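Engineer: The amino acid sequence is not available; the structure is as follows:
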Ligand code: GDP
């Protein structure tokens, strides 16, 4: 496997797994260091995959459930499945983790299945953008289903989940307290609420709580989010879950979720523009930034006023002239 982004893209498009792994590493890196070139080559090939987010507190059984979903989807003829596991604590990346291979059993060796761990902390401030790049690559090289497994309910999980066409929020008996915590953020991003460990007592009660919480929502504003009881361990309820996911995939193919997709693309664009703008600004304004830092340190000015002053000076605006109206 040669190393230039075009070589890696070509190799990955031919189905070479080693090229794909190296390509994803390039995409996790700086835009100027090859990620940008690779993205421009990959994007024309992408746009078909169904992206599924799987999120929820640690211990509810996400990994076990993802394993089930992978098995269900990969058993379909010629359907390839990729899993991106976002691990907030892991310093490792690259997908060759022993844990993943053990976790996924024989699946890790299935040529139709690709599993990769993504360490959150190497992407400070840009996890969702990194995730979007990796999804584009996996989509481009032909993975029809891409599962994004995230842990927790923090902002970066919400953002990664927002990349998905279909978001599964997973809970389980014994995690009832988590429902309150989830309510604020990720619960309202759910398309399907999954109560795992239905083989344990208390699963019905969790489902009932969720049904009460899952107020009518969605693009039409009419439908409540479905709550499904499953057991990733025994396999109970998995066919129904797979069917519900397939239904969403079919709705997407016939134009469903267009509004959400527009919102998501707009948001990714804004994030990327903000970053690009800031990088250029910081590079060319090191002096003024240092000067304002000293003024804030000396207590002469608060950080927000200093920031506004920097920007206003640069845009040639006198003082606080922003009345919220566009310039005529
Ligand atoms: P994650 O942290 O959300 O990825 O959870 P894991 O998939 O690692 O599962 C956490 C624990 O719950 C493991 O010990 C699993 O064996 C167990 N588990 C997963 N699914 C089920 C289930 O459906 N029923 C029961 N009883 N245990 C389960």
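Structural biologist: Right, received. Where do you want to start? None of the values given here were measured: they were computed from a predicted structure.

Engineer: any low-confidence regions in the stretch 51-200 of the chain?
Structural biologist: Where the stretch 51-200 of the chain drops to pLDDT under 70, the residues are 74-75, 77, 88-110, 120-126, 152-156, 176-186.

Engineer: again, only using 50
Structural biologist: Along the stretch 51-200 of the chain, the parts satisfying pLDDT under 50 run over 91-103, 124.

Engineer: Please tell me how far the lengthiest helix in the chain is from the chain's geometric centre.
Structural biologist: When the chain is parsed with DSSP state H, its longest helix is helix 258-284. Relative to its parent chain, helix 258-284 has a centroid offset of 16 Å by C-alpha atoms, centre = their mean, to the nearest Å.

Engineer: cool, and stretch 305-317?
Structural biologist: Averaged C-alpha coordinates place stretch 305-317 at 34 Å from its chain's average position (C-alpha atoms, centre = their mean).

Engineer: Buried residues in it, which are they?
Structural biologist: Buried residues in stretch 305-317, counted by 16 or more other C-beta atoms under 10 Å: 306, 308-310. (Glycine included, C-beta is placed from N, CA and C.)

Engineer: Is there proximity between stretch 64-84 and the ligand?
Structural biologist: Yes. Residues of stretch 64-84 contacting the ligand under C-beta under 6 Å from any ligand atom: residue 64.

Engineer: Within range of the ligand, give me the residues from this structure.
Structural biologist: Counting by C-beta under 6 Å from any ligand atom, the chain sits next to the ligand at 58-64, 196-197, 199-200, 231-233.

Engineer: So which of the residues you listed wins on neighbours?
Structural biologist: residue 196 (29 neighbours; other C-beta atoms under 10 Å).

Engineer: show me where the stretch 201-328 of the chain has helices.
Structural biologist: Assigned by DSSP state H, counting those that start in this stretch, the helices in the stretch 201-328 of the chain fall at 203-213, 238-253, 258-284, 286-297, 303-315.

Engineer: rewinding a little: export the residues of the chain next to the ligand to JSON lines and append columns for secondary structure and distance to residue 246.
Structural biologist: Formatted as JSON lines, these follow (DSSP: H, G, I helix; E, B strand; the rest coil; distance: C-beta to C-beta, whole Å):
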{"residue": "58", "secondary structure": "coil", "distance to residue 246": "28"}
{"residue": "59", "secondary structure": "coil", "distance to residue 246": "27"}
{"residue": "60", "secondary structure": "coil", "distance to residue 246": "23"}
{"residue": "61", "secondary structure": "coil", "distance to residue 246": "21"}
{"residue": "62", "secondary structure": "helix", "distance to residue 246": "20"}
{"residue": "63", "secondary structure": "helix", "distance to residue 246": "22"}
{"residue": "64", "secondary structure": "helix", "distance to residue 246": "20"}
{"residue": "196", "secondary structure": "coil", "distance to residue 246": "19"}
{"residue": "197", "secondary structure": "coil", "distance to residue 246": "23"}
{"residue": "199", "secondary structure": "coil", "distance to residue 246": "24"}
{"residue": "200", "secondary structure": "coil", "distance to residue 246": "27"}
{"residue": "231", "secondary structure": "coil", "distance to residue 246": "20"}
{"residue": "232", "secondary structure": "coil", "distance to residue 246": "18"}
{"residue": "233", "secondary structure": "coil", "distance to residue 246": "22"}
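
Engineer: export the buried residues of stretch 305-317 to TSV and tack on pLDDT?
Structural biologist: Shown next, in TSV, are those (pLDDT from 0 to 100):
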residue	pLDDT
306	96
308	94
309	93
310	93
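
Engineer: any residues touching stretch 8-18, and which ones?
Structural biologist: 1-2, 19-20, 22-23, 26, 38, 41-42, 45, 111, 114, 137, 140-142 (C-beta atoms under 8 Å, 6 or more residues apart in numbering).

Engineer: now do 6 Å
Structural biologist: Contact with stretch 8-18 is made by 1, 19-20, 22-23, 38, 41, 141, as judged by C-beta atoms under 6 Å, 6 or more residues apart in numbering.

Engineer: Now, of those, which are buried?
Structural biologist: Restricting the contacts of stretch 8-18 to buried positions leaves 19-20, 22-23, 38, 41, 141, with burial counted as 16+ other C-beta under 10 Å.

Engineer: Which one of those residues is nearest to residue 302?
Structural biologist: residue 38 (41.8 Å; C-beta to C-beta).

Engineer: what about the stretch 201-328 of the chain, any weak spots by pLDDT?
Structural biologist: Regions of the stretch 201-328 of the chain meeting the criterion pLDDT under 50 cover residues 218, 321, 324, 327-328.

Engineer: redo that, cut-off 90
Structural biologist: 206, 208-225, 248-265, 267-269, 271-272, 275-276, 279, 313-328 (pLDDT under 90).

Engineer: For residue 194, list each beta-bridge partner.
Structural biologist: Residue 194 forms beta bridges with residue 170, residue 228, as assigned by DSSP bridges.

Engineer: Could you check how many residues crowd around it?
Structural biologist: Using other C-beta under 10 Å: residue 194 sits among 28 other residues.
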